[in-house]
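Peer 1: below: sequence and its predicted model.
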Amino acid sequence: MAASLQLYGVQTPGLALSSKRLEFGTKGICNFSVTPTSSSAIFRTVEHSCRNTPLRVSCEAARVDLIERKQTETRSVSGTGKELTCVMKFGGSSVESAERMKEVANLILSFPDERPVIVLSAMGKTTNKLLKAGEKAVTCGVTNVESIEELSFIKELHLRTAHELGVETTVIAQHLEGLHQLLKGISMMKELTLRTRDYLVSFGECMSTRLFSAYLNKIGHKARQYDAFEIGFITTDDFTNADILEATYPAVSKTLLNNWSKDKAVPVVTGFLGKGWRSCAITTLGRGGSDLTATTIGKALGLREIQVWKDVDGVLTCDPNIYSGAQSVPYLTFDEAAELAYFGAQVLHPLSMRPARDGDIPVRVKNSYNPNAPGTVITRSRDMSKAVLTSIVLKRNVTMLDIASTRMLGQYGFLAKVFTTFEDLGISVDVVATSEVSISLTLDPAKLWGRELVQRANELDHVVEELEKIAVVKLLQRRSIISLIGNVQKSSLILEKVFKVLRSNGVNVQMISQGASKVNISLIVNDEEAEQCVRALHSAFFETSS
Ligand SMILES: Nc1ncnc2c1ncn2[C@@H]1O[C@H](COP(=O)(O)OP(=O)(O)O)[C@@H](O)[C@H]1O
Ligand SMILES: N[C@@H](CC(=O)OP(=O)(O)O)C(=O)O
């Protein structure tokens, strides 16, 4: 049967690829192109129609290691052999100290039937501290790098952790020295590029995984540390917010499964990190990106379950920092979880549900501080018959644009022109509400704009300037999106309650949107009113019986 086949190649380092042909057994030859880079990672996708034909690579002067996608063949069944069974991801909050690392090790050992791949984030707030240290290095002068408070903190934390775990400090010594040198380099250059930022923060995950892996080995549980950027996590070159490329799945699967088949050492993988496909430099997947590392490994290896261990009892009905009475949500669909994460719930990385949904692998969100709590199970579907509202999410500091066409009613192409402007400027739009001659939309300052850019007034001015060629534009800042995640089949019921609550709190909704996803209704309010609204809505939906 003819089917499209995708292939990915890794060129042998240092050798030029002169021939550009692949032979598909006797069935034909497929030309492909390569992009020369200075290093080994050259990937090209080839579409070909003979799926089951044996592959022979015809390339002169260089070996091309072809990895075919065989996702279904690697799915393992729990308890039937020695296959890896699940992913267990522990966030920074779960591994903030030696004591916590010991507890996490005990937790892993308390599941003797599981053979997990472990994914770890940097210890505690290490990523924030590394970024702060980098910013200070830009201005402090080379001779003062030694005295950057955050550098001392990071050194002290990791050395103390090594001592308390009883492992050799040599496992992290090179990284501590490398970090010091990098900060000196930043201070000499007096600049911190996005590429350098990613290299800088990678020290956090590289050190936490080395310490943890050494500890597991020390207590007699064989483990092996892996840097994600060395085992096939191939990403776009969008430093600080890179996207994982398809080539990652077969590459990661090949490395981890091959090594596991030879040696049953628990893989301990750095979360959050990848390797840019063109630059071959270390990239990061955006803040909180270790969740995405975990789901990517789950899909790549076709594992039975992906567990993400946090410091809360699963996904909650709202941000516990806004309202401490937030309750745990037992079940969610991938769509609900994706929407919730995208619209600002810090508990999950916005893109982390994608691989889990593609691979149809359940994700369990658990509390490493309270392992007996059931947590949240996220699956493809769930019984929605009784579901009304699942969770309330708040995204602050959003910019809103009201754009009204200067032409008369019936003018076609207006919406197309507006969205072309955003496309040309490379700006993502979040929530949209339209009429024939006007459109209101929101722009996310934090994730979708390359971060600091949005803070620059001239960027916004530029957007407005472009749109003013076709419309009257009103720029409204400091708005919040309140997203109501739940059963939009019951939208009348939800909205009736929402407007009652908002009216009694004297809040005017400035825009409302119900997306095609059927799980989310978004309301735009002023920033100052947002938290109070969330609390009032939480009380109405989750704490009263009617
Ligand atoms: N709806 C929500 N449900 C659960 N936690 C939330 C929610 N919204 C915000 N949070 C915050 O997310 C935190 C967990 O995410 P994160 O800090 O990324 O964990 P980790 O570092 O362990 O991966 C919680 O401590 C909580 O304060
Ligand atoms: N250390 C990175 C990646 C990450 O996922 O962390 P955490 O799992 O602690 O949210 C960050 O702070 O963004």
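Peer 2: It's in. Ligands and ions are numbered 1, 2, ... in the order given.
Peer 1: just give me the neighbour total for Ser428.
Peer 2: When neighbours are counted by other C-beta atoms under 10 Å, Ser428 registers 11. Just so you know, the C-beta spots here come from the backbone N, C-alpha and C atoms, and that holds for glycine as well.
Peer 1: how about the one 3 residues further on?
Peer 2: Here the neighbour count serves as a burial measure; for Val431 (other C-beta under 10 Å) it reads 24.
Peer 1: can you list the residues of the stretch 151-300 of the chain near ligand 1?
Peer 2: Gly288 (C-beta under 6 Å from any ligand atom).
Peer 1: show me the contacts for whichever residue of the stretch 151-300 of the chain sits closest to ligand 2.
Peer 2: Ligand 2 sits closest to Ser290 of the stretch 151-300 of the chain, with a gap of 3.2 Å, by C-beta to the nearest ligand atom. Contact partners of Ser290, counting by C-beta atoms under 8 Å, 6 or more residues apart in numbering, are 89, 91, 119-121, 205, 271-272, 349.
Peer 1: closest to Asn370 among those residues?
Peer 2: When the contacts of Ser290 are ranked by distance to Asn370 (C-beta to C-beta), Gly91 comes first, at 14.4 Å.
Peer 1: and the closest one, how close does it get to ligand 2?
Peer 2: The gap separating Gly91 from ligand 2 is 3 Å, by C-beta to the nearest ligand atom, to the nearest Å.
Peer 1: so what's that residue up against?
Peer 2: So Gly91 contacts 121, 290-291, 308-311 (C-beta under 8 Å, 6+ apart).
Peer 1: backbone phi and psi for the residue of the stretch 151-300 of the chain closest to ligand 2, please?
Peer 2: Reported as degrees, to the nearest 10, the phi and psi values for Ser290 are phi -70, psi -30.
Peer 1: quick one on the thing from earlier: in strands, which of the contacts of Ser290 appear?
Peer 2: If you go by DSSP state E, the contacts of Ser290 have 89, 119-120 in strands.
Peer 1: near ligand 1, which of the residues you listed show up?
Peer 2: Within the ones in strands among the contacts of Ser290, nothing lies near ligand 1 by C-beta under 6 Å from any ligand atom.
Peer 1: want to throw these into TSV with distance to Lys366?
Peer 2: Formatted as TSV, those follow (distance: C-beta to C-beta, whole Å):
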residue	distance to Lys366
Lys89	10
Val119	14
Leu120	15
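Peer 1: which one among the residues you listed gets closest to ligand 2?
Peer 2: Lys89 (7.3 Å).
Peer 1: related to what we said a few turns ago, of the ones in strands among the contacts of Ser290, closest to ligand 1?
Peer 2: Lys89 (7.5 Å).
Peer 1: which residues touch the residue of the stretch 101-250 of the chain found nearest ligand 1?
Peer 2: For the stretch 101-250 of the chain, the residue closest to ligand 1 is Ser121, as judged by C-beta to the nearest ligand atom, at 5.8 Å. Residues near Ser121 by C-beta under 8 Å, 6+ apart: 89-92, 95, 127, 204-205, 208, 271-272, 290.
Peer 1: sorry, back to before: what about the contacts of Gly91, which are in helices?
Peer 2: 290-291 (DSSP state H).
Peer 1: would you list the contacts of Gly91 in TSV and tack on pLDDT?
Peer 2: TSV is the format used below for these (pLDDT from 0 to 100):
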residue	pLDDT
Ser121	98
Ser290	98
Asp291	98
Val308	98
Trp309	98
Lys310	97
Asp311	96
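Peer 1: Arg479 pairs with what?
Peer 2: Beta-bridge pairing for Arg479 (DSSP bridges): Val398, Asn526.
Peer 1: show the model's pLDDT score for the residue sitting nearest the centre point of the chain.
Peer 2: For the chain, Gly289 is the residue whose C-alpha lies nearest the centre (C-alpha atoms, centre = their mean; 3.5 Å). pLDDT, Gly289: 97.
Peer 1: who's in contact with it?
Peer 2: Counted by C-beta under 8 Å, 6+ apart, Gly289 has contacts 271-273, 349.
Peer 1: again, only this time at 10 Å
Peer 2: 121, 127, 205, 228, 235, 240-242, 244, 271-274, 283, 296, 349-352 (C-beta atoms under 10 Å, 6 or more residues apart in numbering).
Peer 1: what about Asp424, helix or strand, and which?
Peer 2: If you go by DSSP states H and E, Asp424 is part of helix 414-425.
Peer 1: get me the contact residues on the protein for ligand 2.
Peer 2: Going by C-beta under 6 Å from any ligand atom, the residues of the chain near ligand 2 are 91-92, 121-122, 127, 204, 271-272, 287-290.
Peer 1: would you map the helices across the stretch 251-400 of the chain?
Peer 2: 290-301, 334-342, 353-359 (DSSP state H, counting those that start in this stretch).
Peer 1: burial of Val509, as a residue count?
Peer 2: If we define neighbours as other C-beta under 10 Å, then Val509 has 16 of them.
Peer 1: name the nearest residue to it, sequence neighbours excluded.
Peer 2: Leu523 (4.9 Å; C-beta to C-beta, 6 or more residues apart in numbering).
Peer 1: would the one you found count as being in a strand?
Peer 2: Yes. Applying DSSP: H, G, I helix; E, B strand; the rest coil, one finds Leu523 inside a strand.
Peer 1: returning to what we had before: distance to Phe542 added to the contacts of Ser290, as JSON lines?
Peer 2: Shown next, in JSON lines, are these (distance: C-beta to C-beta, whole Å):
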{"residue": "Lys89", "distance to Phe542": "28"}
{"residue": "Gly91", "distance to Phe542": "25"}
{"residue": "Val119", "distance to Phe542": "32"}
{"residue": "Leu120", "distance to Phe542": "33"}
{"residue": "Ser121", "distance to Phe542": "30"}
{"residue": "Glu205", "distance to Phe542": "36"}
{"residue": "Gly271", "distance to Phe542": "32"}
{"residue": "Phe272", "distance to Phe542": "33"}
{"residue": "His349", "distance to Phe542": "25"}
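Peer 1: tell me the one of the residues you listed nearest Leu441?
Peer 2: Using C-beta to C-beta, His349 comes nearest to Leu441 of the contacts of Ser290, at 23.9 Å.
Peer 1: in the stretch 401-546 of the chain, where is pLDDT below threshold?
Peer 2: 408-411, 444-459, 516-517, 545-546 (pLDDT under 70).
Peer 1: which residue ranges form the strands in it?
Peer 2: Here the stretch 401-546 of the chain has its strands, by DSSP state E, counting those that start in this stretch, at 432-434, 438-443, 471-486, 511-514, 520-526.
Peer 1: mind putting these in JSON lines, distance to Arg197 and mean neighbour count included?
Peer 2: Converted to JSON lines, the strands of the stretch 401-546 of the chain look like this (distance: least, C-beta to C-beta, whole Å; neighbours: other C-beta atoms under 10 Å):
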{"stretch": "strand 432-434", "distance to Arg197": "31", "mean neighbour count": "16"}
{"stretch": "strand 438-443", "distance to Arg197": "23", "mean neighbour count": "21"}
{"stretch": "strand 471-486", "distance to Arg197": "26", "mean neighbour count": "20"}
{"stretch": "strand 511-514", "distance to Arg197": "34", "mean neighbour count": "17"}
{"stretch": "strand 520-526", "distance to Arg197": "31", "mean neighbour count": "21"}
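Peer 1: closest to Leu257 out of those?
Peer 2: strand 471-486 (35.9 Å).
Peer 1: what's the most distant pair in the residues of the chain next to ligand 2?
Peer 2: Gly204 and Gly288 (13.0 Å).
Peer 1: next, the contact list for the nearest residue to Phe499 once chain neighbours are set aside, please.
Peer 2: Spatial nearest neighbour of Phe499, excluding adjacent residues (C-beta to C-beta, 6+ apart): Val509 at 7.8 Å. The contact partners of Val509, by C-beta under 10 Å, 6+ apart, come to 482, 498-499, 502-503, 522-525, 529, 533.
Peer 1: now Val509: phi and psi?
Peer 2: Given degrees, to the nearest 10, the pair of backbone angles that Val509 has is phi -80, psi 130.
Peer 1: re earlier: and for Gly204 and Gly288, which residues touch both?
Peer 2: Joint contacts of Gly204 and Gly288 (C-beta under 10 Å, 6+ apart) are 92, 121, 127, 271-272.
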